[in-house]
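K.L.:
Show me the folded form of this:
(one chain, ligands or ions: 2)
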Amino acid sequence: MIYTVTLNPSIDYIVEVEDLTLGGLNRMKRDLKLPGGKGINVSRVLNQLGVGNTATGFLGGFTGRYIGQWLGEEHISSDFVTVAEDTRINIKLKAAEETEINGTGPAIREEEAEALLLKLEALQAGDILVLSGSAPPSLGGSFYSRLIAECKSKKAEFVIDTTGQALKDALAQEPLLVKPNHHELAELFGVSIGSRDEIITYGRRLLESGARNVLVSMAGEGALFISDQGVYFANAPKGKVKNSVGAGDSMIAGFVGTLSLTGDVLEAFRTGVASGSATAFSDDLADRALIEQLKTQIQIEQL
Ligand SMILES: Nc1ncnc2c1ncn2[C@@H]1O[C@H](COP(=O)(O)OP(=O)(O)OP(=O)(O)O)[C@@H](O)[C@H]1O
Ligand SMILES: O=P(O)(O)OC[C@@]1(O)O[C@H](CO)[C@@H](O)[C@@H]1O
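P.N.:
Ligands and ions are numbered 1, 2, ... in the order given. Okay, here's the model as predicted:
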């Protein structure tokens with residue numbers, strides 16, 4: 001079974017304006033409210049791919065109920081801890097450029113945090129736990145480490161998609177997959193990265209630090225896959241970008257879902273790239289038909 005954990009879900013409020021006037025009244029051309037948070041996005045795309053999974057994390061208030069109801073309507077199994085404060089609303093502003101304003105998230109009480117750890121006691125050997133996104137500050141910096149320790153004690157695998165120290169700390173615990181984009185990779189090592197060779201150099205360092213599979217996404221420039229098996233490049237399919245929010249999460253879903261079904265890392269890589277691009281070319285997240293269609297446009301090259 002795959003479990004996704006979203007410590008800090010959100011309603012993504014996607015707002016489109018024609019021309020943004022800072023300091024003035026702007027009227028929306030279009031708006032859309034979607035359930036968000038990285039793990040929840042992974043769950044929704046896994047579901048599209050027909051891969052059973054359970055979404056967990058913290059949900060609270062009217063915003064949390066909105067997300068829970070949406071997942072229910074999509075028949076996604078969910079098992080969240082209900083928290084006292086409202087789940088955040090993140091603003092995704094689309095004008096000439098895309099601007100994101102993400103909330104801090106609710107304060108999580110000690111007993112709520114403990115309740116999530118208790119839920120992970122259900123993990124079994126062979127399960128995969130996908131840990132995605134930021135943690136609300138009240139949880140403290142080491143909460144992911146506690147979840148990973150619980151996961152390892154049950155001999156389950158984990159994937160981690162977060163940034164900074166929490167990601168660095170997780171590497172020694174041998175994550176099944178990490179997926180920084182090339183900017184996050186540079187930030188992680190405190191360097192600026194210009195070329196593909198440099199991306200490979202730093203991607204390999206993630207392997208040396210413990211990660212078992214590394215995906216480095218480069219938006220419309222495609223992606224690199226680095227493992228003990230070698231280094232591979234996949235092109236990104238061409239299309240009209242509508243909404244790139246969640247493209248990275250979709251890529252993780254495509255990779256992990258396919259790997260769990262087939263055990264074939266290159267097929268997983270192909271589906272990951274197709275899933276990311278299918279989301280970039282959609283208003284909401286990727287759907288299965290578009291993922292399948294885009295898979296045919298992807299060439300994988302060993303470097
Ligand atoms: N403009 C684009 N054209 C085609 N494919 C894209 C585009 N942007 C993203 N993708 C697809 O999605 C994958 C992940 O995108 P990206 O590198 O932007 O990840 P990310 O920064 O983690 O995304 P996000 O934070 O927006 O969820 C890419 O490898 C690619 O397959
Ligand atoms: O603030 P975080 O947890 O880092 O990111 C949250 C978020 O930006 O990530 C998803 C896209 O990847 C969105 O659904 C959501 O709003």
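K.L.:
CA atoms for contacts and neighbours, from now on please.
P.N.:
Noted.
K.L.:
Gln124 touches Lys155, doesn't it?
P.N.:
Yes - in terms of CA atoms under 8 Å, Gln124 counts as a neighbour of Lys155; the distance is 6.7 Å.
K.L.:
quick one, what contacts the residue in the stretch 151-300 of the chain that ligand 2 sits nearest to?
P.N.:
At 3.9 Å from ligand 2, Gly246 is the closest residue in the stretch 151-300 of the chain, using CA to the nearest ligand atom. For Gly246, the contacting residues are Lys38, Asn41, Gly276, Thr279, Ala280, Leu285, taking CA atoms under 8 Å, 6 or more residues apart in numbering as the criterion.
K.L.:
now those residues in CSV, with neighbour count, distance to ligand 2 and secondary structure?
P.N.:
CSV is the format used below for the contacts of Gly246 (neighbours: other CA atoms under 10 Å; distance: CA to the nearest ligand atom, whole Å; DSSP: H, G, I helix; E, B strand; the rest coil):
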residue, neighbour count, distance to ligand 2, secondary structure
Lys38, 29, 4, helix
Asn41, 29, 6, helix
Gly276, 33, 11, helix
Thr279, 27, 11, helix
Ala280, 25, 11, helix
Leu285, 26, 10, coil
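K.L.:
can you tell me which of those residues lies nearest to ligand 1?
P.N.:
The shortest approach to ligand 1 among the contacts of Gly246 belongs to Gly276, at 3.3 Å (CA to the nearest ligand atom).
K.L.:
quick one, what contacts the nearest residue to Lys240 once chain neighbours are set aside?
P.N.:
Of all residues beyond its chain neighbours, the one nearest Lys240 is Phe281 (5.7 Å), with distances taken as CA to CA, 6 or more residues apart in numbering. Under the criterion of CA under 8 Å, 6+ apart, the contact partners of Phe281 comprise Gly239, Lys240, Val241, Lys242, Asn243, Ser244.
K.L.:
Equivalent analysis for Tyr3, please.
P.N.:
Asn53, Thr54, Ala55, Thr56, Asp127, Ile128, Leu129, Val130.
K.L.:
The contacts of Gly246 also near ligand 1: which ones?
P.N.:
Gly276, Ala280 (CA under 6 Å from any ligand atom).
K.L.:
okay if I get the contacts of Gly246 as a markdown table plus pLDDT?
P.N.:
As requested, those are exported to a markdown table (pLDDT from 0 to 100):
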| residue | pLDDT |
| --- | --- |
| Lys38 | 98 |
| Asn41 | 98 |
| Gly276 | 98 |
| Thr279 | 98 |
| Ala280 | 97 |
| Leu285 | 97 |
